[in-house]
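K.L.:
Make a model of this:
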Amino acid sequence: MRLVAFSDLHVGYSVNREALKRLPQSPGDWLIIAGDVGETVKQLEWTLAILKDRFERLIWVPGNHELYCLPGDPEQIRGVARYERLVEVCQQRNVVTPEDPYILWPGDGEPTRIVPLFLGYDYTFAPMGLTPEGARQWAEEEGIFPTDEHVLFCDPHSSMVGWCRDRIRYTLDRLEELPENERRVLINHYPLRYDLIRLFRIPRYSPWCGTKVTEQWHRRYRASVVVSGHLHMRATDFRDGVRFEEVSIGYPQHWDQEKGLSHYLREILPGPTSIPTEDTGPMWHR
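P.N.:
Here you go, the predicted model:
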């Protein structure tokens, strides 16, 4: 029995959809889907139908793309209401979401709680001292103005910062209630640490990649593994003895179709039997 993960399936691309159809069965395994399945509710429903037949259990967290409200989308739902609609779709299919009780991993090893998160971003993954508006201007200096700023809405919150802070407060209350004698697998679409943001071609996209509030959550909440996506830069890192896994597939140019999607499934648990004694740079996954 394994806990495996990938993210950023982007099934709006036909290449990715066809590859998902060819994904083999993984009897008994649990699958983490760490956000950016697609841009519509129907794409999420289609993807869950495919994956439910291949894995014992599914755990989902939203990315930014699921929260888009695009022109022509038949479900013109925005902000919190859109997120709640996605959660409803998952819960109707017995898929675990950030709104469900955190479940205990039933596999071998130390007691470990599976903790799916939805936190958003607050533009703090940027040079020290920049306000959210300053961070966006810093990005615009190099021509970066993400799609999020046009089609990801935060209603009824007044800003993405407000929504992010609300999600952090809600999540902290839940995390503080967890038993202290367990390890955790923390799952979030965005990386929890700024030093794991590697965007070599567009480094100033970082303000849309998370929040510095979570920098020490891996230590504070006894994580054994932290799972994220979003960057389309697959890698394994270690910080403070904790394994960080970036598990994204990405757009068709970001992965090798000849290898198939099963090649990119990352084993989260039970995982490696030993860990480095010091922090490491990335081990890239091609």
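
K.L.:
So for Pro252, what's the nearest residue that isn't a sequence neighbour?
P.N.:
Distances taken as Cβ to Cβ, 6 or more residues apart in numbering place Val15 nearest to Pro252, at 4.3 Å, with adjacent residues excluded. Placement of C-beta: from N, CA and C, glycine included.

K.L.:
Would you agree that neighbour falls within a helix?
P.N.:
Yes - note on Val15: a helix contains this position according to DSSP: H, G, I helix; E, B strand; the rest coil.

K.L.:
Can we start the residue count at 21 from this point?
P.N.:
Right, with 21 as the first residue, what we last looked at is Val35.

K.L.:
Isn't it up against Gln277?
P.N.:
Yes - with contact defined as Cβ atoms under 8 Å, Val35 reaches Gln277; the gap is 6.2 Å.

K.L.:
who's more crowded, those two?
P.N.:
Neighbours around Val35 and Gln277, counted as other Cβ atoms under 10 Å, are more numerous at Val35. The numbers are 14 against 11.

K.L.:
How much space separates the more buried one from Ala25?
P.N.:
Counting by Cβ to Cβ, to the nearest Å, the separation of Val35 from Ala25 is 21 Å.

K.L.:
The most centrally placed residue in the chain sits in which helix or strand?
P.N.:
Against the mean C-alpha coordinate of the chain, by Cα atoms, centre = their mean, the closest residue is His209 at 1.7 Å. According to DSSP states H and E, His209 maps onto no helix or strand at all.

K.L.:
Could you pull up phi and psi at Gln45?
P.N.:
phi -70, psi 150 (degrees, to the nearest 10).

K.L.:
Tell me the spacing between it and Glu76.
P.N.:
10 Å.

K.L.:
Identify each buried residue in the longest helix seen in the chain, please.
P.N.:
Longest helix of the chain, by residue count under DSSP state H: helix 180-195. Buried residues in helix 180-195, counted by 16 or more other Cβ atoms under 10 Å: 180-181, 183-185, 187-188, 191, 195.

K.L.:
Next, give me the two most distant ones among these.
P.N.:
Greatest spacing in these, by Cβ to Cβ: Met180 and Leu195 (21.6 Å).

K.L.:
before we move on, back to that, between Gln45 and Glu76, which is the more surrounded one?
P.N.:
Glu76 (14 against 9).

K.L.:
Please look at that one and Val24 and confirm they touch.
P.N.:
No - look at Glu76 against Val24 with Cβ under 8 Å: they stay out of range, at 10.8 Å.

K.L.:
can I get the buried residues of helix 180-195 in a markdown table with pLDDT and distance to Tyr284?
P.N.:
As requested, those are exported to a markdown table (pLDDT from 0 to 100; distance: Cβ to Cβ, whole Å):
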| residue | pLDDT | distance to Tyr284 |
| --- | --- | --- |
| Met180 | 97 | 29 |
| Val181 | 98 | 33 |
| Trp183 | 98 | 30 |
| Cys184 | 98 | 28 |
| Arg185 | 98 | 33 |
| Arg187 | 98 | 28 |
| Ile188 | 98 | 30 |
| Thr191 | 98 | 28 |
| Leu195 | 98 | 29 |
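
K.L.:
List just the nearest of those to Arg224.
P.N.:
Met180 (17.0 Å).

K.L.:
So Arg102 sits against His85, correct?
P.N.:
No - counting by Cβ under 8 Å, Arg102 does not reach His85; the two are 11.5 Å apart.

K.L.:
Just the endpoints, please. Distance across stretch 288-295?
P.N.:
End-to-end span of stretch 288-295 (Cα to Cα, to the nearest Å): 13 Å.
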